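[1] what's the 3D shape of this:
(chains A and B)
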Amino acid sequence: EPEVTQTPSHQVTQMGQEVILRCVPISNHLYFYWYRQILGQKVEFLVSFYNNEISEKSEIFDDQFSVERPDGSNFTLKIRSTKLEDSAMYFCASSRTGGITYEQYFGPGTRLTVT
Amino acid sequence: KQEVTQIPAALSVPEGENLVLNCSFTDSAIYNLQWFRQDPGKGLTSLLLIQSSQREQTSGRLNASLDKSSGRSTLYIAASQPGDSATYLCAVNTPGNMLTFGGGTRLMVKP
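    Next up is the predicted model:
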């Protein structure tokens, strides 16, 4: 069964460094998403992406964050200058399309630790 | 702003019991509602999706209901097993295709 994959599974970085989290969505899906979950807190929406552009973003997704689909398969989240409070599990998700019918499928997550 | 609440936060039951997990949301303008399972330190596994026009969805021992007008959904698990132990999350999909999650119910099923 097709699944969303994410790499790396765990990333440790120093404050102020740039990180890129990678995701391979399900191949025939058109909508892509990033969510994050700080330890012990709710899963929070960051951004949705469709047709090579951001369709929605939350207040969390400030200028330090960017997303890109560099080729036909990968979808990346870049954090330009990491802060301690960026430490979280980051989940990528994809859906066949938007709207009422299609569910979002999540990857296993990347645990980001900022020291 | 959409708010999603799940009650109870934690639940411990003996194996074989039927149980109900509750989810409530504040804004009824939703596309659909998804129930997920999350094992410790792992990703989210989609269990069921209910479209906004539907009242119920079933998958195996799971049955989810949706009352959009009152902003409520329930997840019914029949004949619980130790392997059902996990955190169960509900999430509402609002226009814009962003999921808003509840805080989850941590379920422990004891043998």
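[2] could you say which helix or strand contains A:Ser66?
    strand A:65-68 (DSSP states H and E).
[3] Adjacent strands (with direction) for that strand?
    Taking DSSP bridges as the criterion, strand A:65-68 forms sheet pairs with strand A:75-79 (antiparallel).
[4] May I see the buried residues of the partner strand?
    A:75, A:77, A:79 (16 or more other C-beta atoms under 10 Å in any protein chain shown). C-beta coordinates here come from the backbone N, C-alpha and C atoms, glycine included.
[5] so who does residue 14 touch?
    You didn't say which chain, so I picked chain A. Residues counted as contacts of A:Gln14 (C-beta atoms under 8 Å, 6 or more residues apart in numbering or on different chains) are A:82, A:114-115.
[6] Not quite, go with chain B.
    B:Pro14 makes contacts with B:109-110, as judged by C-beta under 8 Å, 6+ apart.
[7] what are the bridge partners for it, then?
    Per DSSP bridges, the residues bridged to B:Pro14 are B:Lys110.
[8] how about B:Thr100, what does it touch?
    Applying C-beta under 8 Å, 6+ apart, the residues contacting B:Thr100 are A:45, B:2-4, B:25, B:91-92, B:94.
[9] Please indicate which of the contacts of A:Gln14 are buried?
    A:82, A:114.
[10] From the contacts of A:Gln14, list the ones also adjacent to chain B.
    Applying C-beta under 8 Å from any C-beta of the partner chain, the subset of the contacts of A:Gln14 adjacent to chain B is empty.
[11] Check the gap between A:Gly23 and chain B for me.
    Careful, residue A:23 is Cys and not Gly. Taking C-beta to the nearest C-beta, to the nearest Å as the measure, A:Cys23 falls 11 Å from chain B.
[12] doesn't that residue fall inside a strand?
    Yes - counting by DSSP: H, G, I helix; E, B strand; the rest coil, A:Cys23 is part of a strand.
[13] Please name the spatially closest residue to it (chain neighbours excluded).
    A:Cys92 (3.3 Å; C-beta to C-beta, 6 or more residues apart in numbering or on different chains).
[14] Switch the contacts of A:Gln14 over to a markdown table; also include pLDDT and secondary structure.
    Compiled in a markdown table, the contacts of A:Gln14 are given as follows (pLDDT from 0 to 100; DSSP: H, G, I helix; E, B strand; the rest coil):
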| residue | pLDDT | secondary structure |
| --- | --- | --- |
| A:Thr82 | 97 | coil |
| A:Val114 | 98 | strand |
| A:Thr115 | 97 | coil |
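[15] Out of the contacts of A:Gln14, flag the one nearest to chain B.
    A:Val114 (18.0 Å; C-beta to the nearest C-beta).
[16] What residues are bridge-paired with the closest one?
    A:Thr13.
[17] try A:Leu77
    A:Leu21, A:Val67.
[18] Specify the beta-bridge partners of the residue nearest the centre of chain A.
    The residue lying closest to the centre of chain A (C-alpha atoms, centre = their mean) is A:Trp34, at 3.0 Å. Under DSSP bridges, the beta-bridge partners of A:Trp34 are A:Val47, A:Cys92.
[19] Return the helix or strand containing B:Leu89 as CSV; C-alpha atoms alone will do.
    B:Leu89 is part of strand B:86-94, with elements assigned from DSSP H and E. Presented in CSV, the C-alpha positions along strand B:86-94 are these (Å, rounded to 0.1, in the frame of the first residue of the first chain):
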residue,chain,number,x,y,z
ALA,B,86,-2.7,4.0,21.7
THR,B,87,-3.7,7.7,21.5
TYR,B,88,-6.7,8.4,19.4
LEU,B,89,-6.9,11.8,17.8
CYS,B,90,-9.8,13.5,16.0
ALA,B,91,-9.3,16.2,13.5
VAL,B,92,-11.7,18.4,11.6
ASN,B,93,-10.9,19.5,8.0
THR,B,94,-12.0,23.0,7.4
